[in-house]
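Q: A predicted structure for the sequence below; I have some questions about it.
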Amino acid sequence: MDGVKPAMFKVTSTLDLPDAKPGNGFCSTAAGTCTLRAAIQEVNASGNNLQPATIYLRAHTYKLMIGGYGENAAATGDLDVAVSVNVVGRGAGKTIIDGNGLDRVFHVTPHYYNPDTWDAPLLSAPGEVTQLTLSALTIRNGKTPADGLSPSTVWSWSAGGGIFNTQGRVVLFTSEGDPLGLGAVYLFDTRVINNFAALSGGGIQNEAGLVAVVGGEISNNQAGHEGDEGWSWGGGVENDKGTTLIDRCLIAGNQAFKGGGIFNWLGYMRIGNSTLIFNRAEGCAAVSSVSWWGPTDRSGFTLLFSTVVQNEVAPWYYDKLPQMCFPSPIGGLCSEYSSGCDIPPFTIGASIVAQNFAVVESPPGWLPPSGVSNCGDELGALAGQFRSVGYNIVDVVDPLFGELVSDPSVPSAVDFLGIDPGLDVFGYNGGPTKTYQLNITSPAIDQVPLELCEEAGFVDQRGFPRPVDGNADGTALCDIGAVEYTP
């Protein structure tokens with residue numbers, strides 16, 4: 001592909017029509033227009049994975065209209081991406097790609113597939129990564145089917161309501177710890193909202209690949225129908241043996257049976273400068289992470305400078321205990337991992353976990369067995385052990401269910417337990433997404449030293465600079481949580 005320039009397509013029609021002759025280098029339907037589907041088909045047919053094409057969308061709504069899930073050539077149903085491409089809109093509130101309830105919106109398929117086991121690293125060469133970059137647009141109303149599927153197809157067709165990223169079972173890391181490798185999906189200033197997956201990943205399903213979301217919103221997505229008996233995970237995002245990085249995002253109002261906001265299964269996730277709020281589940285409303293650490297396994301979860309509030313497990317009935325006694329019905333964070341781990345693989349620092357709630361009820365006429373009440377009456381914050389790098393505000397920590405274990409590498413770090421974080425107004429406090437502002441007396445103000453503040457990139461969820469001398473004592477330190485208080 002040396003000397004071949006990256007392709008550029010300007011979509012001229014909002015209709016959903018296929019390309020007339022995929023592979024001829026021209027985005028053109030039989031009507032002579034360039035549609036989003038036709039542009040994707042031309043990109044796939046080019047085979048040029050080294051030099052990603054760019055597709056430009058206008059400030060319109062692009063609604064999928066051609067039904068038919070299960071094929072992978074972008075001819076029907078979702079937009080299958082097999083070759084790297086950038087899709088650029090005019091703003092998340094102006095350019096909308098609407099799945100119309102026919103299928104998910106985007107499916108990233110492998111350009112190079114690694115059939116080896118997921119914990120066997122593969123050094124990928126340039127061009128072996130299918131990379132989808134989405135910026136300044138909204139993905140909404142995607143939906144995956146549930147009924148009438150065979151066991152061999154139910155997973156691939158029912159996961160990822162908005163975006164399904166599927167690549168080989170390989171995750172590669174640089175020396176700094178950032179992932180490289182198969183299945184890269186990057187979202188900048190992008191909203192993933194109101195999508196539905198019958199099984200997992202209501203908004204986004206990351207299957208052994210890489211997903212990075214920066215400055216966006218993942219809201220009001222759902223995995224599984226409410227009340228499903230344990231068969232749905234990750235209302236907002238499920239990360240399955242992959243790597244997912246989220247920064248400066250709002251994760252709100254998502255729903256699943258387990259992990260209403262986020263579900264991490266044997267992969268690595270890092271969330272920073274983000275707000276998780278109003279997510280709902282029947283077990284672990286905000287975040288549920290399942291990890292183990294082996295010789296080659298780097299699974300785990302890191303939560304830094306984030307605000308996890310007002311997530312809810314409700315209703316949760318005692319009669320579900322035979323299926324799911326751990327984690328307890330927790331509105332906040334849940335961590336499950338191998339007993340052989342030296343330290344908990346869920347790391348939390350400079351974050352607020354507060355005002356989360358779990359409602360535990362007994363169905364009419366049903367009496368719980370002795371001792372069952374200890375499995376979670378109105379617990380709200382933590383279930384499992386968490387490695388603390390300090391400066392967290394957690395309003396409820398019940399030692400029967402959750403524990404913060406101090407990281408010995410930061411002996412001076414402290415946590416603030418059982419206190420009110422002093423939150424003020426949830427709304428548009430600057431920046432593209434809603435946030436929770438701190439009030440003037442909040443104990444979160446000016447608490448975090450610069451060494452840890454560097455991990456936040458010296459910005460908050462809104463993109464505003466950190467640190468600010470919020471308490472006017474002459475020394476600027478970072479604030480705990482997603483937002484930096486400005487006097």
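A: Arrived safely.
Q: show me what contacts the residue lying closest to Thr95 once chain neighbours are set aside?
A: Ranked by C-beta to C-beta, 6 or more residues apart in numbering and with sequence neighbours excluded, the top spatial neighbour of Thr95 is Gly89, at 2.8 Å. For every residue, glycine as well, the C-beta is placed using N, CA and C. Counting by C-beta atoms under 8 Å, 6 or more residues apart in numbering, Gly89 touches Leu57, Ala59, Thr95, Ser135, Ala136, Leu137, Thr138.
Q: closest to Val405 among those?
A: Ser135 (38.8 Å; C-beta to C-beta).
Q: Just the buried residues out of the contacts of Gly89, in ChimeraX syntax.
A: Entered in ChimeraX, the line below selects the buried ones among these, by 16 or more other C-beta atoms under 10 Å:
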select :57,95,135,136,137,138
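Q: what about the residue nearest to Thr95, distance to Leu102?
A: The gap separating Gly89 from Leu102 is 20 Å, by C-beta to C-beta, to the nearest Å.
Q: By residue count, tell me the biggest helix in this structure.
A: helix 36-46 (DSSP state H).
Q: follow-up on the earlier one: what's the most distant pair in the contacts of Gly89?
A: Pairwise over the contacts of Gly89, using C-beta to C-beta, the maximum falls at Ala59 and Ser135, 13.9 Å.
Q: and after the longest helix of the chain, which helix or strand comes next?
A: Following helix 36-46 in sequence order, the next helix or strand is strand 53-56 (DSSP states H and E).
Q: Report the rounded mean pLDDT for that next one.
A: Averaged across strand 53-56, the pLDDT comes to 95.
Q: what do you get for stretch 136-156?
A: 72.
Q: ok, now stretch 300-312?
A: Here the average pLDDT along stretch 300-312 is 93.
Q: send the alpha carbons of that stretch over as CSV?
A: This file holds the C-alpha atoms of stretch 300-312, laid out as CSV (Å, rounded to 0.1, in the frame of the first residue of the first chain):
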residue,chain,number,x,y,z
GLY,A,300,-7.9,-5.9,37.0
PHE,A,301,-9.6,-2.5,37.4
THR,A,302,-8.4,1.0,38.2
LEU,A,303,-10.7,3.8,39.3
LEU,A,304,-9.1,7.2,39.8
PHE,A,305,-10.5,10.7,40.3
SER,A,306,-14.1,9.6,39.8
THR,A,307,-17.5,10.1,41.5
VAL,A,308,-19.7,7.0,42.0
VAL,A,309,-23.0,8.2,43.5
GLN,A,310,-26.7,7.4,43.5
ASN,A,311,-26.5,4.0,41.8
GLU,A,312,-29.1,1.6,43.0
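Q: Is it correct that Leu17 is in contact with Ser28?
A: No: the criterion here is C-beta atoms under 8 Å, and Leu17 misses it with Ser28 at 9.9 Å.
Q: intersection of neighbour lists for those two?
A: Ala38.
Q: pLDDT below threshold where in the stretch 201-350 of the chain?
A: Scanning the stretch 201-350 of the chain with the threshold set as pLDDT under 70 gives 225-230, 292-298, 314-329, 337-344.
Q: rewinding a little: Serialize the contacts of Gly89 to JSON lines and add fields for secondary structure and distance to Asp78.
A: Below are the contacts of Gly89 laid out as JSON lines (DSSP: H, G, I helix; E, B strand; the rest coil; distance: C-beta to C-beta, whole Å):
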{"residue": "Leu57", "secondary structure": "coil", "distance to Asp78": "17"}
{"residue": "Ala59", "secondary structure": "coil", "distance to Asp78": "23"}
{"residue": "Thr95", "secondary structure": "coil", "distance to Asp78": "18"}
{"residue": "Ser135", "secondary structure": "strand", "distance to Asp78": "19"}
{"residue": "Ala136", "secondary structure": "strand", "distance to Asp78": "21"}
{"residue": "Leu137", "secondary structure": "strand", "distance to Asp78": "16"}
{"residue": "Thr138", "secondary structure": "strand", "distance to Asp78": "16"}
